[in-house]
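In: Requesting a structural model of the entry that follows:
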Amino acid sequence: MARNSDGALVLFSGGQDSATCLAWALSRFDRVETVGFDYGQRHRVELDVRNDFRTSLIRQFPQWVERLGDDHRLDAGVIGQLGATGMTDDIAIEMAENGLPNTFVPGRNLLFFTLAAALAYRRGLRVIVGGMCETDYSGYPDCRDDTLKAQQVALSLGLDRRITIETPLMWLDKAETFALAQNIGGDPLLDMIVENTHTCYLGDRSARHAWGYGCGTCPACELRSGGWQKFKAEAA
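Out: Alright, predicted model coming up:
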């Protein structure tokens with residue numbers, strides 16, 4: 001596959017989707033950096049597994065060592081000052097009156113991309129990669145393709161520099177996301193994503209399932225579990 005000399009900054013939370021996007025970027029770009037955000041999320045454990053995944057990645061795929069650059073962690077704690085959500089506060093996860101789950105954090109991804117673009121500008125990177133998806137998702141409006149296309153235009157204008165937002169998972173379901181990881185790095189990458197990433201909204205790593213760690217009942221775990229089962233069934 002042809003390599004891209006434009007550097008990429010991957011929004012890397014430590015979850016399945018962003019880990020797959022990191023591998024995707026490393027298979028395409030000469031220089032890849034990562035950024036994570038601490039916004040007071042209940043599942044802060046996702047930040048803890050980020051380093052483990054990066055370390056395992058370069059150990060298993062030495063051809064990517066020279067491409068994988070710095071990791072950045074930014075404080076986005078202001079999000080928690082704007083109001084309570086099921087993602088940031090110890091409240092029951094449920095549907096809100098607006099038809100969205102209360103895990104929706106208004107403006108979160110918009111802020112993340114704005115901060116990432118400011119960082120990319122300073123780091124000389126022109127591509128930002130995110131794991132947003134409009135197929136298997138909870139309906140968050142800031143994960144939609146139209147939203148991110150509009151933000152790409154706004155960021156490029158505001159920085160007076162062409163910024164490209166890549167969302168390789170936008171039209172994939174969770175089963176196809178597992179398949180993409182396997183296509184990129186075979187079973188070793190798939191095993192790393194199962195073992196060294198975190199998706200559960202409750203931050204539970206006490207239970208190990210075939211698809212990874214989590215409570216098994218929150219919306220994120222249900223999506224990941226269902227995707228794994230479909231992936232294995234289609235691969236059989």
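In: what's downstream of the host helix or strand of Arg50, the next helix or strand?
Out: Under the assignment given by DSSP states H and E, the secondary-structure element containing Arg50 is helix 45-60. Where DSSP H and E defines the elements, the next helix or strand beyond helix 45-60 is strand 68-75.
In: Pull the contacting residues for His185.
Out: Residue 185: Gly, not His. Gly185 makes contacts with 23, 60-61, 192, as judged by Cβ atoms under 8 Å, 6 or more residues apart in numbering. C-betas here are computed from N, CA, C, even on glycine.
In: Write a PyMOL command that selects only the buried members of the residues you listed.
Out: Remark: buried members of the contacts of Gly185, expressed as a PyMOL selection using 16 or more other Cβ atoms under 10 Å:
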select buried, resi 23+61+192
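In: Nearest to Gln152 among the contacts of Gly185?
Out: Distances from Gln152 to those, taken as Cβ to Cβ, are shortest for Ala23 (22.4 Å).
In: does that closest one belong to a helix or a strand, and which?
Out: With DSSP H and E as criterion, Ala23 is part of helix 16-26.
In: ok, the closest residue to Leu26 other than its chain neighbours - how many residues close by?
Out: Nearest in space to Leu26, with sequence neighbours left out and distances taken as Cβ to Cβ, 6 or more residues apart in numbering, is Trp64 at 4.5 Å. Number of residues near Trp64 (other Cβ atoms under 10 Å) recorded here: 17.
In: And Trp64, how far from Ser56?
Out: Note on Trp64: its distance to Ser56, by Cβ to Cβ, to the nearest Å, is 11 Å.
In: re the thing from before, can you name the next helix or strand after the helix holding Ala23?
Out: On the C-terminal side of helix 16-26, the nearest following helix or strand under DSSP H and E is strand 32-38.
In: Extract the CA atoms of that next one and return them as CSV.
Out: The C-alpha atoms that make up strand 32-38 are tabulated as CSV, following Å, rounded to 0.1, in the frame of the first residue of the first chain:
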residue,chain,number,x,y,z
VAL,A,32,1.8,9.2,13.2
GLU,A,33,1.2,10.8,16.6
THR,A,34,-1.5,10.2,19.1
VAL,A,35,-3.6,12.4,21.4
GLY,A,36,-5.9,11.4,24.3
PHE,A,37,-8.2,13.6,26.3
ASP,A,38,-8.9,13.5,30.0
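In: Can you list the strands that that strand pairs with?
Out: When pairs are called by DSSP bridges, strand 32-38 turns out to pair with strand 8-11 (parallel), strand 68-75 (parallel).
In: Show me the shaky parts of the chain.
Out: Low-confidence segments of the chain, defined by pLDDT under 70, are located at 1-5, 86-87, 89, 94-95, 99, 102, 136-138.
In: ok, now with 90
Out: Within the chain, the ranges that satisfy pLDDT under 90 run 1-6, 39-48, 76-109, 135-143, 201-203, 218-220, 235-236.
In: which residue ranges form the helices in it?
Out: Remark: helices assigned in the chain by DSSP state H are 16-26, 45-60, 108-123, 145-159, 174-196, 219-235.
In: looking at those, which is buried most?
Out: Highest mean neighbour count of those: helix 16-26, a mean of 26 (counted as mean count of other Cβ atoms under 10 Å).
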